[in-house]
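Undergrad: sequence first, predicted model second:
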Amino acid sequence: PEKRTGTLRDVLVGADVFIGVSAPNLLTGGDIATMAPDAVVFALANPTPEIDPAEAQQHAAVVATGRSDYPNQINNVIAFPGFFRGLLDAGRSDISDAMLTAAAQAIADQVAPEQLNASYIVPSVFDPDVAGAVAEAVRNAPAA
């Protein structure tokens, strides 16, 4: 909305959130330190993220990564098995924004409010309840 221009480092200054899905080792802790207070960093390039998660944690309030050896692992296995199960169960081949939103909400709902903290914002990829919850949400979502 601010129509920022410049390098990644230029536009990161004062930013609340960084979502990286690009290439490894693009940022340093110093770059994250220029972000807004209580910044959120999703460094998701895999297997090597845009910034080392331990380094990002020194400056950001919440850090997520695609790696399994850090908290808040963002992995497509959280969504896809349940999403496709829901499509199959409903006999649907279309994918609507309502389905995507319902799946995201189902994933978020797997973390109880009393469990939610900076190191636990998404359920584990090993949580056996996630796929079923996502499937039900997709199955019950309105058509496109």
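TA: Sure, I can see it.
Undergrad: middle-most residue in the chain, spatially?
TA: Centroid check for the chain by Cα atoms, centre = their mean gives I74 as the closest residue, at 5.0 Å.
Undergrad: which residue sits closest to that one, ignoring its sequence neighbours?
TA: Among residues not flanking I74 along the chain, A64 sits closest, at 5.0 Å (Cβ to Cβ, 6 or more residues apart in numbering). Just so you know, the C-beta spots here come from the backbone N, C-alpha and C atoms, and that holds for glycine as well.
Undergrad: so that neighbour makes contact with N72?
TA: Yes. Counting by Cβ atoms under 8 Å, A64 touches N72, with 3.7 Å between them.
Undergrad: which helix in this protein has the most residues?
TA: Looking only at the chain and at elements set by DSSP state H, the helix with the highest residue count is helix 97-109.
Undergrad: three-state assignment of the closest residue to P24 other than its chain neighbours?
TA: Sequence neighbours aside, T48 is the residue nearest to P24 in space, at 3.5 Å (criterion: Cβ to Cβ, 6+ apart). Local secondary structure at T48 is given as coil here, using DSSP: H, G, I helix; E, B strand; the rest coil.
Undergrad: where's the residue nearest to the centre of the chain relative to D94, distance?
TA: For I74, the distance to D94 (Cβ to Cβ, to the nearest Å) stands at 25 Å.
Undergrad: likewise A15?
TA: 35 Å.
Undergrad: which one in this protein is furthest away from the centre?
TA: Distance-from-mean max, the chain, by Cα atoms, centre = their mean: G91 at 27.8 Å.
Undergrad: so which residues make contact with the one helix or strand R139 maps to?
TA: Secondary structure here is read from DSSP states H and E; on that basis R139 sits in helix 130-140. Counting by Cβ atoms under 8 Å, 6 or more residues apart in numbering, helix 130-140 makes contact with 78-79, 81-83, 85-87, 89-90, 99, 102-103, 105-107, 109-110, 123, all of which sit outside it.
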